[in-house]
Each structure stands twice: as structure tokens, then as C-alpha cells.
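Asks: Have a look at this prediction, sequence included:
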Amino acid sequence: MKIFWIEMSKLKYTNFLKEITENNKDNSQKIIFTPNPEILLDSLTDDNFKQNLLKADYLTPDWIWLYLAYQILDNKHNKFINFLLLPYYILKLFLATDSLYNKYWDRICWSDLTNDLLDYAEKNSLEIAILDLYNPTDKNKVESQKTLIEKLNKKFKNIKFNLIIYRNNNDEVIKILNNQNNFALLATLWWKKQEQAIIDILPHTKISLGLGIGSSIDYQIWFQRRAPKLMRSLWLEWLYRLIMWPQKIKRLKRIYNATFRFIYNIFRSK
């Protein structure tokens, strides 16, 4: 299924996880990006970013609102009829999730994928490289980086974590990575920057997997708390974040972009 002319991967999660871990016998490199509505919206106005997304081996749908878009795009109704059917489509997100996944394949978000890859690395005593953002003005982030490896090692005792603070120094990063034996490169630089970094760096290393994972590592060390499982199952993780961090008023704009503006552009593209 294409959204804004970008083909999303058709994947069953368990098969996908095995494909990039256990079944990757030849250690061929795989790039994985997990587009959400905001990322796909940005691809409409930034062609370089769009081309970077298209270079990925897997583009996995990360957010339930994409399944609203699938329903709008995957029929022959005109825009007016589809607009009238919006309440029905939204209701199906909550009451017919399994049937949507059977039809449009599984939702794979970067937080869940990060958890499972770390579990796999833990069981197999692998090395993981983390490419984290250099941002000296964010004091909380700087302090978190100082203790990141220590905190991760308490949770994952069999993984060797290699933290690299990214300053747009690709050649230096490549040199460091080639002196290590990493299974995966996890970029936590947020979209655009993390996709560009992985595309520029991964081909010059022997690392099997390159992923853009946003703030997923923060959830591992409780620098940020993820929404309770019940809220995640009801697709209300965005609401939890808004409640927990009301000072981040810009989050309201992000929610607006990921819902109303995204669906408006879905109608336009149809």
C-alpha cells in the first residue's frame, strides 16, 4: 500500500523479526525506517528526505492513523463518500484491529522493534552501537548520556553497548564502528537526521542492521516513560505523552499534524 507514493512494507511482525535476525545468515545489510504520519507528511515537501526513505529495505507503518489512511485510499468511493465514512473507519481502528492487520499487514513501531532487537542481542551476546544526538544545550540529555551505558548494562548484561555522540562527523563515526563488532546501529537522532546518518554511514561498515529509533532508548532507561500497555492498545499513547509533559505545548501541533493535516493530505492525494 502506498501513502503519498511511498510503498509501505507488507509484513507480519514475527516473520519480519526472524527475517532480520535469525534468518539473516549472510549478514546482508538491512536499513529499516518506521514512518509515521508526520514523517510521511515531511516527505511531501522535502524530496531529499523522500528519496532517503525510499532507500530503506523496510518501511514499517508506525502509528494506527496510517490504517485510517489505508481505508480511505483502498476503495473506489469519491472523496465525499469517504468523508462521510470517516466515523466508520475510525471505529474499525478500535473494534476491528485484527482484520485491518490481516488486510493491510502489521503495525511495527520503533519502540516495540527496539525492545525485541535488544532482547535478541541479549540472548546472543551481541554488540549494539547507539548513535545519539550531540546537543550541549539540553542539560538533561547531556546528563542522561553520561550514565546511558551504565543503565543499559544493568538491564542487558550480555550486550556490549557502544555509544557514539553524533556531530555530523561521518568519517570519524565510520572509523570507530569499523573497530567494533556491532550487530546493529541504532540512530536516535529523530527523523531526517537519523535516516540521513544511517544511509551515509552503514554501507561503509560491516553492521547488519541500521535503524532509526527516535526516543526508544530513553524508554529503556526510564529517561522517558512509555504509556501503560492499556493506553497503547487503545492507540492513546499520544494522549499519555501530552498529559505527562504538558509543558511541551508544541506536542499539540504535532498531534494536529499527525491527525487532521495528515488525513487532509490523504484526501488530496486520493
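Replies: Received the coordinates, thanks. Here the structure is a predicted model, which is why all the values come from computation and not from measurement. Residues are numbered from 1 along each chain as shown.
Asks: pLDDT weak spots in this protein?
Replies: Residues of the chain that meet the criterion pLDDT under 70 lie in 24-26, 218-249, 251.
Asks: show me where it has strands.
Replies: Taking DSSP state E as the test, the strands found in the chain are 2-3, 6-7, 30-33, 58-59, 127-133, 160-166, 182-187, 209-212.
Asks: Contacts for the first one next, please.
Replies: Counting contacts by C-beta atoms under 8 Å, 6 or more residues apart in numbering, the residues outside strand 2-3 that touch it are 8, 35, 40, 66, 69-70, 73, 266, 269. Glycine gets a C-beta too; all of them are placed from N, C-alpha and C.
Asks: distance of residue 182 from residue 51?
Replies: 26 Å (C-beta to C-beta, to the nearest Å).
Asks: Tell me which of these two has more neighbours.
Replies: The neighbour count for residue 182 versus residue 51, taken as other C-beta atoms under 10 Å, is higher for residue 182 (23 against 11).
Asks: show me what contacts the nearest residue to residue 20 once chain neighbours are set aside?
Replies: Excluding the flanking residues, the one nearest residue 20 by C-beta to C-beta, 6 or more residues apart in numbering is residue 30, at 5.6 Å. Counting by C-beta under 8 Å, 6+ apart, residue 30 makes contact with 20, 24, 57-58, 208-210.
Asks: Same check on residue 106?
Replies: Residue 106 neighbours (C-beta under 8 Å, 6+ apart): 11-13, 16.
Asks: closest to residue 134 among the contacts of residue 30?
Replies: Proximity of the contacts of residue 30 to residue 134 (C-beta to C-beta) peaks at residue 210, which lies at 19.0 Å.
Asks: Just to check, residue 263 is in contact with residue 70?
Replies: No - counting by C-beta atoms under 8 Å, residue 263 stays clear of residue 70, with 11.7 Å between them.
Asks: PyMOL command to pick out the buried ones of the contacts of residue 106?
Replies: Selection of buried members from the contacts of residue 106 for PyMOL, criterion 16 or more other C-beta atoms under 10 Å:
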select buried, resi 11+13+16
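Asks: What's the local residue count around the closest residue to residue 116 other than its chain neighbours?
Replies: Nearest residue to residue 116, sequence neighbours excluded (C-beta to C-beta, 6+ apart): residue 17, at 5.7 Å. The tally of other residues near residue 17 (other C-beta under 10 Å) stands at 19.
Asks: Check the contact between residue 17 and residue 114; I expect there is one.
Replies: No - using C-beta under 8 Å, residue 17 makes no contact with residue 114, being 11.7 Å away.
Asks: hmm, back to that, if you compare the strands of the chain, which one is most tucked away?
Replies: Greatest average neighbour count among those goes to strand 209-212 (a mean of 27), per mean count of other C-beta atoms under 10 Å.
Asks: Show me what it is in contact with.
Replies: With contacts defined as C-beta under 8 Å, 6+ apart, strand 209-212 is touched by 20, 29-34, 110, 113-114, 117, 183-187, 189, 191, 194-195, 198, 201-202.
Asks: repeat that for 7 Å
Replies: 20, 30-33, 183-187, 191, 194-195, 198, 202 (C-beta atoms under 7 Å, 6 or more residues apart in numbering).
Asks: Partner strands of it, with direction?
Replies: strand 30-33 (parallel), strand 182-187 (parallel) (DSSP bridges).
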